[in-house]
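1. need a structure here:
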Amino acid sequence: MFIFLFLISLINPSEFGGLPADASVPGLAYSVVARYGFPNIDNVSALSLLMRGGVALTFGYVPQSIRDILNYGTHMKFRNLTAISLYSKNAAFYYRLINRKEVKTTNREVEYSIDEFSLAISDMLYYNLYGGLRLGYYFVRFGEALIKDGIPEVNLDTGNGFSVDLGMIYKIKGICVGVSLKNVLSGIYYSKFSKDVLNLSGGAGINVEPLKFFSFSLDGFIEKNGKPNYSSALRITPLKWIGIFAGYTFSDKSYGIGMELHYKSSDFVISYRKKAVFVTWRYILQ
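-> Here you go, the predicted structure:
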């Protein structure tokens, strides 16, 4: 519990959007298509490779400096809670804050947020081949204030949407090969604005575990009519109760680092990427 309170003390009451469902993901620089061992929603078929289920809370924070982190108070700040997961070996339900953003210019101010609620299922399709399906629901809030021809104008709207993701993993000995498709079907419907269709994207990756305490992976992602993005990561577990991981994304030349601690029925994950700190607490259900 002391470790948990210490990690939570890093969280500052400021809003930050676009966060993953688990702190392991940015720490691995999003090289997660063929990864398993945590509730990986980026490829839902990884749920079938979990040994146990649990509940997970994920927080995100963008500190201004290292002093900002060290001098922060020790009380919990649930305002930064960005994802809640309830998962088992073959299924998961989670909430995630996809984006919360403010755009300000001289004559225009825009605020919007997107909340995601998802149900994911996964199972073995054939010997060593696992498949998964994710159904997502989105709730969008949008507000715009602008000055047009010297006259103030305000636009408010809400939207409801959905998406369907697919994933597969083939695992043999110490090698996992994974593929995923996101937004195979999608749509967000507004009261006043036109329908939005989310970009179709796909990924493929391989994870190799030559030793029980060491593994590495390579992933590639591409959106429709977009350029491919590549990332790589490695993970070292020198002891049963600790894991250290790091990754690098070639497209934006950014890295991620993280550490995972296992204590009794809890996992504590802390990671860093692009000046942001991520924390996940998982409680394992026996």
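2. quick one: list the elements packing against the strand or helix carrying S113.
-> Using DSSP states H and E, the element containing S113 is strand 108-126. Applying 3 or more CB pairs under 8 Å, 6 or more residues apart in numbering; DSSP states H and E, one finds that strand 108-126 contacts strand 91-104, strand 129-148. To be clear about C-beta, it is placed using only N, CA and C from the backbone, and glycine gets the same treatment.
3. which strands border it, and is each parallel or antiparallel?
-> Here strand 108-126 has these sheet partners by DSSP bridges: strand 91-104 (antiparallel), strand 129-148 (antiparallel).
4. got the buried residues for the last one?
-> The neighbour-count check on strand 129-148 (16 or more other CB atoms under 10 Å) flags 130-134, 136, 138, 140, 142 as buried.
5. what strands flank the helix or strand where F59 lies, and is each parallel or antiparallel?
-> For F59, the host element (DSSP H and E) is strand 53-61. The strands that strand 53-61 pairs with in its sheet are strand 81-87 (antiparallel), strand 276-285 (antiparallel) (by DSSP bridges).
6. those strands: which one's closest to S194?
-> S194 lies closest to strand 81-87 among the strands paired with strand 53-61, at 28.6 Å (CB to CB).
7. lowest average pLDDT across the helices and strands packed on strand 108-126?
-> Note on those: strand 91-104 shows the lowest mean pLDDT, a mean of 77.
8. quick one on the thing from earlier: quick one: the strand holding S113 to chain centroid distance?
-> Distance, stretch centre to chain centre, for strand 108-126: 10 Å (CA atoms, centre = their mean, to the nearest Å).
9. buried stuff in it?
-> Neighbour-count burial for strand 108-126, counted by 16+ other CB under 10 Å, picks out 112-114, 116, 118, 120-122.
10. swap in stretch 180-197?
-> Result for stretch 180-197 [16+ other CB under 10 Å]: buried residues 180, 182-183, 186, 188.
11. do stretch 276-286 as well
-> Across stretch 276-286, burial judged by 16+ other CB under 10 Å covers 276-282.
12. with stretch 251-268 instead?
-> Going by neighbour count (16+ other CB under 10 Å), the buried part of stretch 251-268 is 254-262, 267-268.
13. try stretch 54-64
-> For stretch 54-64, a neighbour-count test (16+ other CB under 10 Å) marks 54, 56-61, 63 as buried.
14. where in this protein is pLDDT low?
-> The chain contains residues with pLDDT under 70 at 1-18, 62-79, 99-106, 286.
15. in it, where's the longest strand?
-> Using DSSP state E, we find that the single longest strand of the chain is strand 151-172.
16. same for that strand, what does it pack against?
-> strand 129-148, strand 175-190.
17. gap between the last one and the chain center?
-> Shown here is strand 175-190, whose average C-alpha point lies 14 Å from the average C-alpha point of the whole chain (CA atoms, centre = their mean).
18. what helices and strands are in contact with it?
-> strand 129-148, strand 151-172, strand 201-211.
19. can you redo these as TSV with distance to K195?
-> Shown next, in TSV, are the helices and strands packed on strand 175-190 (distance: least, CB to CB, whole Å):
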stretch	distance to K195
strand 129-148	12
strand 151-172	9
strand 201-211	19
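20. for K192, find the nearest of these.
-> Closest approach to K192 among the helices and strands packed on strand 175-190 (CB to CB): strand 151-172, 4.9 Å.
21. just the buried residues of that closest one, please?
-> For strand 151-172, by 16+ other CB under 10 Å, it's 159, 161, 163, 165-171.
22. just want the angle from it to strand 175-190.
-> Angle of strand 151-172 versus strand 175-190, following axes from the mean of the first three to the mean of the last three CA atoms, to 10 degrees, is 160 degrees.
23. hmm, which two among the buried residues of stretch 251-268 are most spread apart?
-> Across those (CB to CB), the longest gap, 27.5 Å, separates S254 and H262.
24. quick revisit: compile the helices and strands packed on strand 151-172 into CSV and extend it with columns for distance to R235.
-> Converted to CSV, the helices and strands packed on strand 151-172 look like this (distance: least, CB to CB, whole Å):
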stretch, distance to R235
strand 129-148, 20
strand 175-190, 13
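25. among those strands, which is nearest R35?
-> Using CB to CB, the nearest of those to R35 is strand 175-190, at 7.6 Å.
26. alright, calling it a day.
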